[in-house]
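# Generate coordinates for the sequence data below:
(one chain, ligands or ions: 1)
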Amino acid sequence: MPVVPGNFPFSRMRRMRKDEFSRRLMRENVLTTNDLIFPVFVLEGENQRQAIPSMPDVERLSIDLLVKQAEEAFSLGIPAMALFPVVEADGKSEDAEEAYNPDGLVQRAVRELKAAVPELGIITDVALDPYTSHGQDGLMGDDGYILNDETVSVLVKQALSHAEAGADVVAPSDMMDGRIGYIRDALEIEGHSNTRIMAYAAKYASSFYGPFRDAVGSSGNIGSGNKYSYQMDPANSDEALYEVGLDLQEGADMVMVKPGMPYLDIVRRVKDEFKAPTYVYQVSGEYAMLKAAAQNGWLDEKACVLEALLGMKRAGADGILTYFSMDVARWLKQEG
Ligand code: PBG
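The predicted structure follows:
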């Protein structure tokens, strides 16, 4: 062969790729069941299950059925579940007071889940969008602006009601300023110093949340409204570090980047900068895309889902919220 520039043929990258044993030996990242957080939708009633058209194979479940699903998730080795309520019209109001009802849907679900499967971590969503008549994550001022400080005082009550019901982790997803600090303070004062806070620290104003809003029934309420005055601009990256830094200073134990696949550069920057437990949310729109393509026979579902999630690990995520959690846990178990 003629002489070529570089180190070829002394360096041949393909030598290590030739056999499975050497591919395994040089593999840098691995996805395991320990990485999974399973987001679920909870519904009023008994023995109720509802399909979500934009999220095929995901169902809204009443508490009794959710408990069964939690038992299965736990037996598959999934560490934690994240709860999202489907609140009926009579639970929605301008002041969102149902959010901190000690006997509300989430609070009852937490108690029953912790009683049935005590070792499964239960994460609750702290935000007002299921409870406001306008579908925004906070209280609305007369001019339509989402009020920050007034919202934070409701979020504190909501987070406390979750902790009192037995939630292991409260996860503020609302993007109000200062809420992590106020929630941390209230948890300490009320004797919940071990309740963890997973902050949706870098949450973008993304169009990939569409199917989720269908699932919780807030899309009709929010209408053509948007969340630009509190969720982040998808164009920004330094701002995400600023947000994460503040949430950690205020007492967050875990920080999240959301959505996942279009934002993996943010995951990497956050992990490199702070070294804190870092999570990423493969959101409803990402789920819907993969599912739709798989259902059409255009993509291999298992291979593409595992690749997408491995990419999140490679970007630096310590864990991933994914609607595919149960499938992934089963796939990984089969592979041993
Ligand atoms: C709202 C909330 C949203 C999601 C989680 N919590 C939607 C939003 O901000 O409008 C989205 C999750 C998903 O799309 O899977 N507090």
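# And the strands in the stretch 151-300 of the chain?
With strands called from DSSP state E, counting those that start in this stretch, the stretch 151-300 of the chain shows them at 169-172, 196-203, 254-258, 278-281.
# what's the burial count for residue 233?
Counted by other C-beta atoms under 10 Å, the residues lying close to residue 233 total 9. Where you see a C-beta, it was placed from the backbone N, CA and C, and this is true even at glycine.
# cool, the one 3 residues further on as well?
A count of neighbours around residue 236, defined by other C-beta under 10 Å, yields 14.
# cool, and the one 4 residues further on?
Neighbouring residues of residue 240 were enumerated by other C-beta under 10 Å; the total is 23.
# Please apply the same query to residue 213.
Should you count by other C-beta under 10 Å, residue 213 turns out to have 17 residues around it.
# try residue 142
Burial measure for residue 142: 6 neighbouring residues, criterion other C-beta under 10 Å.
# next one: phi and psi at it?
phi -60, psi -30 (degrees, to the nearest 10).
# follow-up on the earlier one: format the strands of the stretch 151-300 of the chain as JSON lines; extra columns: mean neighbour count, distance to the ligand and mean pLDDT.
Formatted as JSON lines, those follow (neighbours: other C-beta atoms under 10 Å; distance: least, C-beta to the nearest ligand atom, whole Å; pLDDT from 0 to 100):
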{"stretch": "strand 169-172", "mean neighbour count": "26", "distance to the ligand": "9", "mean pLDDT": "98"}
{"stretch": "strand 196-203", "mean neighbour count": "26", "distance to the ligand": "7", "mean pLDDT": "98"}
{"stretch": "strand 254-258", "mean neighbour count": "26", "distance to the ligand": "7", "mean pLDDT": "98"}
{"stretch": "strand 278-281", "mean neighbour count": "28", "distance to the ligand": "6", "mean pLDDT": "98"}
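# Tabulate the ones you listed (JSON lines), appending distance to residue 34.
Formatted as JSON lines, those follow (distance: least, C-beta to C-beta, whole Å):
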{"stretch": "strand 169-172", "distance to residue 34": "16"}
{"stretch": "strand 196-203", "distance to residue 34": "16"}
{"stretch": "strand 254-258", "distance to residue 34": "14"}
{"stretch": "strand 278-281", "distance to residue 34": "13"}
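# Go through those strands and name the closest to residue 51.
Distance to residue 51, taken as C-beta to C-beta, is lowest for strand 278-281 among the strands of the stretch 151-300 of the chain, at 22.0 Å.
# In the stretch 51-200 of the chain, which residue sits closest to the ligand?
residue 127 (3.5 Å; C-beta to the nearest ligand atom).
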